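Undergrad: structural data only, the sequence is not supplied:
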């Protein structure tokens, strides 16, 4: 496992550099469109826990506006997602900037997705294994149902990935990810499911 993780980091650097070069025209087009749509704010930054729960800032293309109600509160996500934002999310184009997170060493191409920082107290001891490796742009949960899975199922798949990490599994996930980018039938952009902390707080009360 340790030897593969070393190779995995080399592959991450190589593939992310290749990806940046190949996707540069798309990156520029999306960047310019979002500069106009989001009034000069093309990127979305958010703190996420990485390897060993070290906090880093994930970067994505910004798919939602910053529209607020009369009380100064952000409108619900569904009301802030633009038509173009829906398009880039549907085809995972909003994830392209994370290639730079990979180069920095914050992320891997494949691994458990980095979730919200405030979820950290709500993982079981076994689920916390997801933070023993770098989080990924895509992962086993994402190619097994993505937003249509329950939290328990997603986290169980993260455990399975970490416990069985290998080149063959990563290659399989990469192929399935490429296929899913062009097959969006099971991608729900605004799933009607609670946040992990809300769901587990409810079960404890």
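TA: Arrived safely. The structure displayed is predicted, hence computed values, not measured ones.

Undergrad: how about the helices in this protein?
TA: For the chain, the helices defined by DSSP state H cover 2-37, 77-80, 83-90, 98-104, 151-163, 167-181, 196-204.

Undergrad: just the buried residues of the fifth one, please?
TA: Within helix 151-163, the residues that count as buried by 16 or more other C-beta atoms under 10 Å are 151, 154, 155, 156, 157, 158, 159, 161, 162. Every residue, glycine included, has its C-beta placed from N, CA and C.

Undergrad: identify all contacting residues around it.
TA: 111-112, 123, 126-127, 129-130, 132-133, 139-141, 144-145, 149, 169, 193, 196, 199 (C-beta atoms under 8 Å, 6 or more residues apart in numbering).

Undergrad: what subset of those is buried?
TA: Buried members of the contacts of helix 151-163, scored by 16+ other C-beta under 10 Å, are 111-112, 123, 127, 129-130, 133, 139-141, 144, 149, 196.

Undergrad: what comes up buried for stretch 46-56?
TA: Using 16+ other C-beta under 10 Å as the test for burial, stretch 46-56 gives 48, 49, 50, 51, 56.

Undergrad: okay, how far is it across it, tip to tip?
TA: Taking C-alpha to C-alpha, to the nearest Å as the measure, stretch 46-56 stretches 8 Å from start to finish.

Undergrad: remind me which residues of the protein are low pLDDT?
TA: Low-confidence segments of the chain, defined by pLDDT under 70: 1-2, 146, 184-193, 203-205.

Undergrad: how close does the residue located most distally from the centre of it get to residue 6?
TA: In the chain, residue 70 marks the outermost C-alpha relative to the chain mean, sitting 31.4 Å out by C-alpha atoms, centre = their mean. Taking C-beta to C-beta, to the nearest Å as the measure, residue 70 falls 55 Å from residue 6.

Undergrad: for residue 80, same thing?
TA: Counting by C-beta to C-beta, the gap from residue 80 to residue 6 is 42 Å.

Undergrad: which one's more surrounded, these two?
TA: Each of residue 80 and residue 6 has its neighbours counted (other C-beta atoms under 10 Å); residue 80 has more, 15 against 9.

Undergrad: so who does the more buried one touch?
TA: Neighbouring residues of residue 80 by C-beta under 8 Å, 6+ apart: 64, 65, 66, 67, 74.

Undergrad: can we see that at 10 Å?
TA: For residue 80, the contacting residues are 63, 64, 65, 66, 67, 68, 74, by C-beta atoms under 10 Å, 6 or more residues apart in numbering.

Undergrad: relative to residue 46, how far out is the closest residue in space to the first one that isn't next to it in sequence?
TA: Pointing back at residue 63 there. In this structure, residue 63 finds its nearest non-sequential neighbour in residue 85, 3.2 Å apart by C-beta to C-beta, 6 or more residues apart in numbering. Distance from residue 85 to residue 46, counting by C-beta to C-beta: 15 Å.
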